[in-house]
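Asker: What follows is a predicted structure for the sequence shown.
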Amino acid sequence: MHAAVIVFPGSNCDRDLAVTFERAGARVTMVWHKDIALPAGVDIVGVPGGFSYGDYLRCGAIAANSPICRSVVAHADKGGFVLGICNGFQILTETGILPGALLRNAGLKYVCKPVHLTVATTDSAFTRRYEAGQTITVPIAHHDGNYFADTATLDRLQAEDRIAFAYADNPNGSARGIAGILSRNRRVLGMMPHPERMAEPLHGGSDGAALFGGLVDQLTDA
Ligand SMILES: NC(=O)CC[C@H](N)C(=O)O
């Protein structure tokens, strides 16, 4: 399985994401935001966390208009897999690949702490290695993690079983406690918590590792 990890000016989880993919068994190519094309044959694009372009304008808004994001949108449009974590999730909503928006946290403060998440669906390559309803612990670190979408969109996400993860104790005011959502074809996941920061015992826990393990299994079998 071949993963591309996009690097924007201000990304700070790009190496962590690459190492986690590699430890799960993937081959990784780092791709610079000014590049126009993704490497040929890429199975999944990782859009990492951080502060792309300094979070100016809105988190993810400038990155969503960078040259490489046109190729990320094209990759998603043709059914390719994409994983956006934290700032990566913000970028995926700004491109329109995923619905909704990430607003300022309800408490108006940057929140950095481990949180408990409920695995809301196991019907995806990202969540297949978890048990439905399982509680996992993964850290968050953001000031704009408050997921917002209109009621019709939220109802559709629920009806289509596209909420991947929900907060056990909503730390940022997200609508319906949403921590991560899937695209309609279930091949794009955006989530605010950082599974790559809780993927081996030295991190203090490894609940995030199964997400990458499940992906590598599915994309290697494909
Ligand atoms: N850890 C991150 O990716 C941070 C995301 C974004 N810059 C925020 O604070 O909301």
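Answerer: Looks like it came in fine.

Asker: Could you use CA atoms for every contact and neighbour count after this?
Answerer: Fine.

Asker: what ranges do the helices span in this structure?
Answerer: Taking DSSP state H as the criterion, the chain carries its helices at 14-23, 67-77, 87-95, 151-159, 209-221.

Asker: Return the list of helices and strands in contact with the third one.
Answerer: It refers to helix 87-95. Counting contacts by 3 or more Cα pairs under 8 Å, 6 or more residues apart in numbering; DSSP states H and E, helix 87-95 packs against strand 44-47, strand 81-85, strand 101-103, strand 188-191.

Asker: Does the second one reach the ligand?
Answerer: No: judged by Cα under 6 Å from any ligand atom, strand 81-85 stays clear of the ligand, getting no closer than 6.8 Å.

Asker: Run through the neighbouring helices and strands of that strand.
Answerer: Going by 3+ Cα pairs under 8 Å, 6+ apart, strand 81-85 lies up against strand 44-47, helix 87-95, strand 188-191.

Asker: partners of it in the sheet?
Answerer: strand 44-47 (parallel), strand 188-191 (parallel) (DSSP bridges).

Asker: got the ones you listed as TSV, with mean neighbour count columns?
Answerer: Output for the strands paired with strand 81-85, formatted as TSV (neighbours: other Cα atoms under 10 Å):
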stretch	mean neighbour count
strand 44-47	26
strand 188-191	27
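
Asker: Could you save the ones you listed as TSV and add columns showing distance to the ligand?
Answerer: Converted to TSV, these look like this (distance: least, Cα to the nearest ligand atom, whole Å):
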stretch	distance to the ligand
strand 44-47	10
strand 188-191	10
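
Asker: Same list, the ones you listed, but as CSV with mean pLDDT please.
Answerer: CSV is the format used below for the strands paired with strand 81-85 (pLDDT from 0 to 100):
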stretch, mean pLDDT
strand 44-47, 98
strand 188-191, 98
